[in-house]
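A.B. asks: Sequence plus predicted model, see below.
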Amino acid sequence: MERKMRRFKQQLTADQSVEILRNATSGVLALCGADMEPYGVPLSHVYANGKIYFHSALSGHKVDILKHNAKASFTVIAQDEIHPETYTTYFQSVIVFGTVRIIEDEAAKMQALEILGRRCNPDDAEGLEKEIASGFSRCLMLEMSIDRMTGKQSIELVNLE
């Protein structure tokens, strides 16, 4: 269900939101299991080709939920600066809504691992190749397709522009 942002003056543009996703290194993936219990898990990620990629173990709570319900949201906080004198926080954040799938195709999985690995260490292609080779069979790659996203910043940051 898409809702309009109540404080629309604080809404970031799509380009600003994408830039935050590109620059951030982690966020919280929110899922909902078959028992309707919410589950939020902090994850490293990479934004590329209009999608968000995560790596995962072959099994676990997150994987179990995704096999039954692929809908998810992913939240990134880019700035969180407390200003005690005004009892407020200067913040920027993005929430993405979409679906997460396990990448089954081995070539696509390899490509996603390479994208994530280059994000972590862009200057060591040989080391990345060894790392992927040693762990390829013991991990999953997850791909989040984005249906919609919203970015927001504190009114104080809007007023600085």
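C.D. replies: Sure thing, it's come through.
A.B. asks: Show me where the protein has its helices.
C.D. replies: Taking DSSP state H as the test, the helices found in the chain are 14-23, 61-68, 106-120, 125-135, 155-160.
A.B. asks: so where is this structure shaky, pLDDT-wise?
C.D. replies: Confidence mapping of the chain against pLDDT under 70 gives the ranges 1-3, 5-9, 159-161.
A.B. asks: Give me the outermost residue of it relative to its centroid.
C.D. replies: E85 (32.2 Å; Cα atoms, centre = their mean).
A.B. asks: Next one: that residue relative to Q79, how far apart?
C.D. replies: Relative to Q79, E85 is positioned 18 Å away (Cβ to Cβ, to the nearest Å). Any C-beta I mention is one placed from the backbone N, CA and C, and that applies to glycine too.
A.B. asks: related to what we said a few turns ago, indicate which one of the helices of the chain is closest to F54.
C.D. replies: helix 106-120 (8.0 Å; Cβ to Cβ).
A.B. asks: Pull the distance from the closest one to the chain's centre.
C.D. replies: 15 Å (Cα atoms, centre = their mean, to the nearest Å).
A.B. asks: which strands and helices sit next to it?
C.D. replies: On a contact count with 3 or more Cβ pairs under 8 Å, 6 or more residues apart in numbering; DSSP states H and E, helix 106-120 meets strand 46-48, strand 51-57, helix 125-135, strand 139-153.
A.B. asks: so that helix versus strand 51-57, what angle?
C.D. replies: Between helix 106-120 and strand 51-57, the angle comes out at 100 degrees (axes from the mean of the first three to the mean of the last three Cα atoms, to 10 degrees).
A.B. asks: What are the buried residues along helix 106-120?
C.D. replies: Neighbour counts over helix 106-120 (16 or more other Cβ atoms under 10 Å) mark K109, Q111, A112, L113, I115, L116, G117, R119 as buried.
A.B. asks: Same check on stretch 68-79?
C.D. replies: Residues of stretch 68-79 classed as buried: A70, A72, S73, F74, V76, A78 (neighbour count, 16+ other Cβ under 10 Å).
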